[in-house]
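Participant: Sequence first, then the predicted structure:
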Amino acid sequence: MSILKKLENDVKKIINKAGYEVENFVLETSNRRDLGEYQINNAMQLAKIYHQNPREIAEKIVKELEKDSRFTNINIAGPGFINISIDNQYMIDILNEINKDVYSNIDKKEKKKIIIDYGGANVAKALHVGHLRSANIGEALKRLAILLGYDALGDAHLGDFGRPLGLVIKEIKDMYPNLPYFDENYKGDYSEIDLPITNEDLERIYPLASNKAKEDEKYLEEAREITVKFQQYERGYYDLLKKIVDISKEDIKKTYEELNVHFEIWNGESDEMKFFKPLNEQCEKMGVLTDSEGAKIIEVAKEDDNAPMPPLMYVKSNGSVSYDTTDLATILERKINVNPEEIWYVVDGRQSLHFEQVFRASRRAKLVEDNVVLEHIGFGTMNGKDGKPFKTRDGGVMPLKTLINLVSEETEKRISSESIDAEEKKSIAKTVAIAALKYADLLPFRSTDYIFEIEKFSDLDGKTGPYLLYSTIRMKSLLKKAEQANIEATNITKLKGETEKDIALTVLNLPISLEKSLETKSLNEIAEYIYKLTSFYNKFYAENKIIGEEDKELQSSWLVLTKVVYQINTMLLDTLGIEVPDKM
Ligand code: ARG
């Protein structure tokens, strides 16, 4: 249990001693520190329950609080709001405890198994900015869930079973008609065939094929037929698909790794669809399939819907399946192989209808028990200055790699060049660029759209990733300098100054931001928190000359305070999936 929570429990017991029972007690943080650091606002509610005057209740509680040396500046405002502050010595004890173990101020949740679906990269297509938000938010949510004690697994859920691959294979077939994959009589082992195609080729082939299909109905029709073939795991076509997946996956992995995004599960839709048979049996058993003009659908509308809810397309009349069915098969596969208590889908908010259909269908078909949580964690778009989803200058979708390079060029201009050679500088610039992108992406509430502003995101000053990295690195080098000078830094014994107090309170209040972030499944609370803590620290840093301080006790206290902030910063940046370079 966090130190803050323990403190709350103690206050709850004190209220109890005064003769009152409160449920779900929380200390409210106050923004008027002069009046009190926290507020206890329960007297009004207790007045109704106990039929007493709220002011009198507050007085009785205050009397009990005054007996506890951990609290100070206890006063009553208005009809019965109690203000209290934390005694200085107690705050020192708290900081020392957190310095020894940062996790001592974190509330662990009861263990729960969660799968987080936040990849969605499409095989044979370059990752684009749309995948960036899934990856950033999903990876950070997973890290937060793990920090708070959950058992969370990330699933890349590669898109490798749809029409785009049908198009790619159609084009490959036109380019190399003699490949054994297309030869019905080939009896050999496909894994021995050398496919003369690289990932770069694949990224070129898809747009080419897609354009051809727009103009040539026959071409499109053949791509559709090919799609049905590999979806039915037809020999040759399915083997070629697997080969393409292997080539493309390697590159996809590299890009995710560059973003510090890692998946525990690397299944693709094509792996998940192997569960189509049990899925189909279950759907038939539950009687949810309806015939509709040669296709099979699942009705998901409910009587009290106030917007149209189209049925889920289960199998099209030509025998192919879409995203709807692969997502259903995936739920069943996850149930069988992992049996999670929750599945979170971190996918663009514009796909909410799709997920509503999938969730309703899986409830109707009872693919998972009723208490398994299925949640679409939607997000807004990253827009260009024109307010529309971010594009390249010529209006195309911007590949993620291009975006990362663009921001790297910007951050490279801003990092110091002293004692850093050109190559190292490039690599640091990239780490800083990714921090800039990630922090800007996690700062707004997740469902809000935001505008891509490269200069603002890369700024070393302001609410940015680079500012946080720069400040955190500076804390680290201060600590290193002190260590090299053999300056003692083991305990806080003195805590004076308003800014130090601001830091201390922010440190103590960490569990509030973690809780809010988890509750809303949005990282903005944590992003704001790191900024607040860092800004207080930087103010303190500017106000004092730590290395030159003559009062050794004060100097040691300051260094330990620095250690506390440094530890929290690195822990939280890591939770956001942001890497801190050694220097910049
Ligand atoms: N591949 C999809 C796309 O690029 C995203 C997949 C999202 N995840 C899911 N389980 N449907 O749009």
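Facilitator: All right, it came through fine. Numbering: from 1, shown residues only.
Participant: can we go C-alpha only for contacts and neighbour counts from here?
Facilitator: Noted.
Participant: need the strands for the stretch 451-584 of the chain, in chain order.
Facilitator: With DSSP state E, counting those that start in this stretch, there are no strands along the stretch 451-584 of the chain.
Participant: what's around whichever residue of it sits closest to the ligand, how many residues?
Facilitator: Nearest to the ligand, among the residues of the stretch 451-584 of the chain, is residue 521, at 17.0 Å (C-alpha to the nearest ligand atom). Using other C-alpha atoms under 10 Å, residue 521 has 22 neighbouring residues.
Participant: what's the answer for residue 216, then?
Facilitator: Neighbour tally, residue 216, other C-alpha under 10 Å: 11.
Participant: And it, what's its pLDDT?
Facilitator: On pLDDT, residue 216 comes in at 97.
Participant: Now do the contacts for the nearest residue to residue 560 once chain neighbours are set aside.
Facilitator: Sequence neighbours aside, residue 489 is the residue nearest to residue 560 in space, at 5.7 Å (criterion: C-alpha to C-alpha, 6 or more residues apart in numbering). Going by C-alpha atoms under 8 Å, 6 or more residues apart in numbering, residue 489 touches 555, 556, 557, 559, 560.
Participant: next one: residue 442
Facilitator: Residue 442 touches 136, 137, 522, 523, 524, 527, 576, counting by C-alpha under 8 Å, 6+ apart.
Participant: And for residue 373?
Facilitator: The contact partners of residue 373, taken as C-alpha under 8 Å, 6+ apart, are 341, 342, 343.
Participant: of those, closest to the ligand?
Facilitator: residue 343 (9.9 Å).
Participant: Show me what the closest one is bridged to.
Facilitator: Per DSSP bridges, the residues bridged to residue 343 are residue 115, residue 374.
Participant: surely it meets residue 374?
Facilitator: Yes: under the criterion of C-alpha atoms under 8 Å, residue 343 makes contact with residue 374 at 5.0 Å.
Participant: Max pairwise distance over the contacts of residue 489: which two?
Facilitator: 555 and 560 (8.7 Å; C-alpha to C-alpha).
Participant: Near the closest residue to the ligand within the stretch 101-250 of the chain, how many other residues are there?
Facilitator: Distances between the stretch 101-250 of the chain and the ligand by C-alpha to the nearest ligand atom are smallest at residue 120, namely 3.8 Å. Residues within reach of residue 120, counting by other C-alpha under 10 Å, total 22.
Participant: residues in the stretch 101-250 of the chain within reach of the ligand, list them.
Facilitator: Residues of the stretch 101-250 of the chain lying close to the ligand (C-alpha under 6 Å from any ligand atom) are 117, 120, 121, 122, 159.
Participant: in the stretch 51-200 of the chain, which spans are strands?
Facilitator: Going by DSSP E, counting those that start in this stretch, the stretch 51-200 of the chain shows strands at 71-77, 81-86, 113-117, 151-155.
Participant: Neighbouring strands - and their directions - for the second one?
Facilitator: With DSSP bridges as the test, strand 81-86 is paired with strand 38-40 (antiparallel), strand 71-77 (antiparallel).
Participant: avg pLDDT for the last one?
Facilitator: Along strand 71-77, the predicted local confidence has a mean pLDDT of 95.
Participant: Work out the gap between that strand and the centre of the chain.
Facilitator: 39 Å (C-alpha atoms, centre = their mean, to the nearest Å).
Participant: thinking again about what came up before, need the strands paired with strand 81-86 in TSV with mean neighbour count, can you?
Facilitator: TSV is the format used below for the strands paired with strand 81-86 (neighbours: other C-alpha atoms under 10 Å):
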stretch	mean neighbour count
strand 38-40	22
strand 71-77	17
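Participant: Determine the longest helix present in this protein.
Facilitator: helix 552-575 (DSSP state H).
Participant: Give the buried residues for that helix.
Facilitator: 553-575 (16 or more other C-alpha atoms under 10 Å).
Participant: One more: stretch 442-461?
Facilitator: 442-446, 449-452, 454, 457-460.
Participant: Stretch 103-110 too?
Facilitator: Buried-residue list, stretch 103-110, by 16+ other C-alpha under 10 Å: 103, 104, 105, 106, 107, 108.
Participant: before we move on, what about stretch 534-548?
Facilitator: 534, 535, 536, 537, 538, 540, 541, 546, 547.
Participant: Endpoints of stretch 185-194, how far apart?
Facilitator: 18 Å (C-alpha to C-alpha, to the nearest Å).
Participant: can you check stretch 286-303 too?
Facilitator: Taking C-alpha to C-alpha, stretch 286-303 runs 20 Å from one end to the other.
Participant: Which residues of the chain lie near the ligand?
Facilitator: Residues of the chain found near the ligand (C-alpha under 6 Å from any ligand atom) are 117, 120, 121, 122, 159, 327, 347.
Participant: For the stretch 1-150 of the chain, which segments are assigned as helices?
Facilitator: 3-17, 43-50, 54-66, 88-100, 129-147 (DSSP state H, counting those that start in this stretch).
Participant: now those as CSV including mean neighbour count?
Facilitator: Output for the helices of the stretch 1-150 of the chain, formatted as CSV (neighbours: other C-alpha under 10 Å):
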stretch, mean neighbour count
helix 3-17, 18
helix 43-50, 16
helix 54-66, 19
helix 88-100, 19
helix 129-147, 24
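Participant: Name the helix or strand for residue 313, please.
Facilitator: strand 312-315 (DSSP states H and E).
Participant: Just name whatever secondary elements the next helix or strand after that strand is in contact with.
Facilitator: Under the assignment DSSP H and E, the closest C-terminal helix or strand after strand 312-315 is helix 323-337. Contacts defined by 3 or more C-alpha pairs under 8 Å, 6 or more residues apart in numbering; DSSP states H and E place helix 323-337 against helix 269-272, helix 276-285, strand 312-315, helix 352-364.
Participant: of all those, which lies closest to residue 190?
Facilitator: Nearest to residue 190, of the helices and strands packed on helix 323-337 and by C-alpha to C-alpha, is helix 269-272 at 17.6 Å.
Participant: Nearest to residue 508, out of the buried residues of stretch 103-110: which one, please.
Facilitator: Looking across the buried residues of stretch 103-110 and measuring by C-alpha to C-alpha, the closest to residue 508 is residue 105, at 7.3 Å.
Participant: per-residue pLDDT, the closest one?
Facilitator: On pLDDT, residue 105 comes in at 98.
Participant: got it, and residue 125?
Facilitator: 87.
Participant: Next: the one 3 residues further on.
Facilitator: Residue-level confidence at residue 128 comes out at 89, pLDDT.
Participant: Stretch 26-39: end-to-end distance?
Facilitator: 9 Å.
Participant: need the contact list for the residue lying farthest from the centre of the chain.
Facilitator: Distance from the C-alpha centroid of the chain, by C-alpha atoms, centre = their mean, peaks at residue 185 (48.8 Å). Applying C-alpha under 8 Å, 6+ apart, one finds that residue 185 lies in contact with no residue.
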